[in-house]
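A.B. asks: sequence-free structure coming up:
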């Protein structure tokens, strides 16, 4: 199938600079190889081409994987493979590996038991010979008796124990070397390096006699002929002897010791049995036997490893395992076949059900995908067909409901955008209500910061110059937030400025001023609307500060390192129509600092639910009271935000700082 130009352009645009460089170098390397150019720059270029070819291969695999898995149907098929097929494959693999381990261990058991039974045989022979010695007839020569015992033993056991040798001796050194001074009987594998046949099944026993202690030694050398008769159910058998590792040869470790592979003895004329069926594969194993070891220098080791390797057919081992089952063997096989058939039927049923479910899921998802294309084209009239009342059907129904309401949502978004624009205009208008410049009164420096929790603020502050030496400082907090609070704030600002800009306002009592504002708000606002308010009038000529606090958090005056709260006044504005307020008067020392604030500055809570509070605000102001007002205001804002530990505001935050020189 030919790629369309649009597909080619799309693939071309996705290629990075590194991809393009890799393509060029890979093409050059291929050209140099075809042209037979070698050595120097050509060889290095071909090496780079190989590296970049590997990189491109990985990129191609990644692209193909993404392309393959883009469709949901392909993802589900792969998911079913991993959910159904892979576990079955793993179970079968585990069963095969487990069977191979069991078969190899069973083969090792057969080999070990055969060797052990022969060792027990020569042990019994040694005991019989010792017993015959103890009842030797009077007058019978000992050597004559030993010859008779040898002949009898060979007659009985030569077939089972090929190469059997029986020797009698007065030399007890070998038995003492193996068993110590106790000279207890020994029976087992014996590895004697100086012997021509170093490995043997040996039984050594001391025989007390009136003429002295005699020793009988029975040896069956482990040769090719001997191994040919061992464990007939196994296939080929090989025994490998080990020497002490001296730096040469193949290294073998057993425990903390090192050995070198020495001599291998393979069973004569032993071949692996033919397969009983097509999956009757061979199993191989290597086990370790323990032998007593006597070195060429006469050294003795009680435990010396000997490696035994073999292979076998599972069918042959099965016949040995199930030899005692008898008539029930056919029943077991029938049950196994029935289980396999049932398992196959379940797998086929699961496969068919998986195809049906996949078709339903992919069809529903495909319909939803096509519907999204209509939505992308701004066509909200298309509806998804709902054929089944399952979760996918509910999803399609939800999609239809969504497309039916998208037009309304778009209209709502447009209205929200218009409202946001109107709020932006309201914010700009409100910013014009705040003082645009600081009044120039000798000896007075003022700074104010207001951070709104929303687009517009319910906090209000103002500076009004009443005369060359008089300045009014006001701060208020309107109940509520948003537009309603901002409108009430504008009304309060208008009323305040109309009163303060009238002739003679510099001598107007702050209590009288606040009473007029209270009357204005009470008559022109709803019952649930009110405002806290603080106003102070400072006369720089007489250094007198007159103030009234109408339910606002107490501003404080810092003089000579001490803080004094300004609490005199009365209740909030807009609640009781005829209310008499009180005026407070303070004589200000040079360099005093006046701090006014809204509740948004003291109410932030830390992670433990503790408020910042007025006391901490005063402490923060005392630490920086010698700085300029701008720095003090910024420091107080930063202290409150740091206490809260989050940039999000729950309320409007306002602070006014005035330096009164």
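C.D. replies: Received, thanks. What you are looking at is a predicted structure, and each value in this text was computed from that prediction instead of being measured. Numbers count the residues shown, from 1 in each chain.
A.B. asks: okay, CA-based contacts and neighbour counts for the rest of this
C.D. replies: Fine.
A.B. asks: Give me the contact list for the helix or strand in which residue 19 is found.
C.D. replies: Element membership for residue 19 (DSSP states H and E) is helix 17-34. Here helix 17-34 makes contact (C-alpha atoms under 8 Å, 6 or more residues apart in numbering) with 38, 42, 45, 46, 47, 48, 49, 50, 52, 53, 55, 56.
A.B. asks: so of those residues, which ones are in helices?
C.D. replies: 42, 45, 46, 47, 48, 49, 50, 52, 53, 55, 56 (DSSP state H).
A.B. asks: can you pull the contacts of the last one?
C.D. replies: When you say that, I think you mean residue 56. 19, 22, 23.
A.B. asks: between these, which is closest to residue 599?
C.D. replies: Nearest to residue 599 among those is residue 19, at 61.5 Å by C-alpha to C-alpha.
A.B. asks: Flag every buried residue along stretch 593-611.
C.D. replies: 593-606, 611 (16 or more other C-alpha atoms under 10 Å).
A.B. asks: cool, and stretch 54-62?
C.D. replies: Residues of stretch 54-62 classed as buried: 55, 56 (neighbour count, 16+ other C-alpha under 10 Å).
A.B. asks: Number of residues surrounding the closest residue to residue 647 other than its chain neighbours?
C.D. replies: Spatially, and ignoring its direct neighbours in sequence, residue 647 is nearest to residue 641 (6.7 Å; C-alpha to C-alpha, 6 or more residues apart in numbering). Residue 641: 19 surrounding residues under other C-alpha atoms under 10 Å.
A.B. asks: try residue 318
C.D. replies: When neighbours are counted by other C-alpha under 10 Å, residue 318 registers 11.
A.B. asks: Look up how far residue 102 lies from it.
C.D. replies: According to C-alpha to C-alpha, to the nearest Å, residue 318 stands 11 Å off from residue 102.
A.B. asks: Same question for residue 48.
C.D. replies: With C-alpha to C-alpha as the criterion, residue 48 and residue 102 are 50 Å apart.
A.B. asks: These two: who's more crowded?
C.D. replies: Using other C-alpha under 10 Å as the criterion, residue 48 and residue 102 rank with residue 48 on top: 17 against 14.
A.B. asks: how close does the more buried one sit to residue 38?
C.D. replies: Distance of residue 48 to residue 38, computed by C-alpha to C-alpha: 14 Å.
A.B. asks: Distance of residue 298 relative to residue 193?
C.D. replies: Distance from residue 298 to residue 193, by C-alpha to C-alpha: 9 Å.
A.B. asks: joint contacts of the two?
C.D. replies: Common contacts of residue 298 and residue 193, defined by C-alpha under 8 Å, 6+ apart, are absent altogether.
A.B. asks: which of the two has more neighbours?
C.D. replies: A count of neighbours by other C-alpha under 10 Å puts residue 193 above the other of residue 298 and residue 193, at 17 against 13.
A.B. asks: what are the pairing partners of the one helix or strand residue 462 maps to, and which direction each?
C.D. replies: Using DSSP H and E, residue 462 falls within strand 459-465. Strand 459-465 pairs in its sheet with strand 470-478 (antiparallel), by DSSP bridges.
A.B. asks: Show me the helices in the stretch 351-500 of the chain, by range?
C.D. replies: Using DSSP state H, counting those that start in this stretch, the helices found in the stretch 351-500 of the chain span residues 391-433, 482-500.
A.B. asks: what sits against residue 411?
C.D. replies: Neighbours of residue 411 in contact, by C-alpha under 8 Å, 6+ apart: none.
A.B. asks: mind checking how far it is from residue 627?
C.D. replies: Distance of residue 411 to residue 627, given as C-alpha to C-alpha: 53 Å.
A.B. asks: Also residue 603?
C.D. replies: Computed as C-alpha to C-alpha, the residue 603 to residue 627 distance reads 25 Å.
A.B. asks: Over to residue 16?
C.D. replies: On the measure of C-alpha to C-alpha, residue 16 and residue 627 end up 57 Å apart.
A.B. asks: Could you verify that residue 201 is part of a strand?
C.D. replies: Yes: assigned with DSSP: H, G, I helix; E, B strand; the rest coil, residue 201 falls within a strand.
A.B. asks: Please list all residues in contact with it.
C.D. replies: Contacts of residue 201 were listed using C-alpha under 8 Å, 6+ apart, and they are 118, 119, 187, 188, 189, 190, 218, 219, 220, 221, 222.
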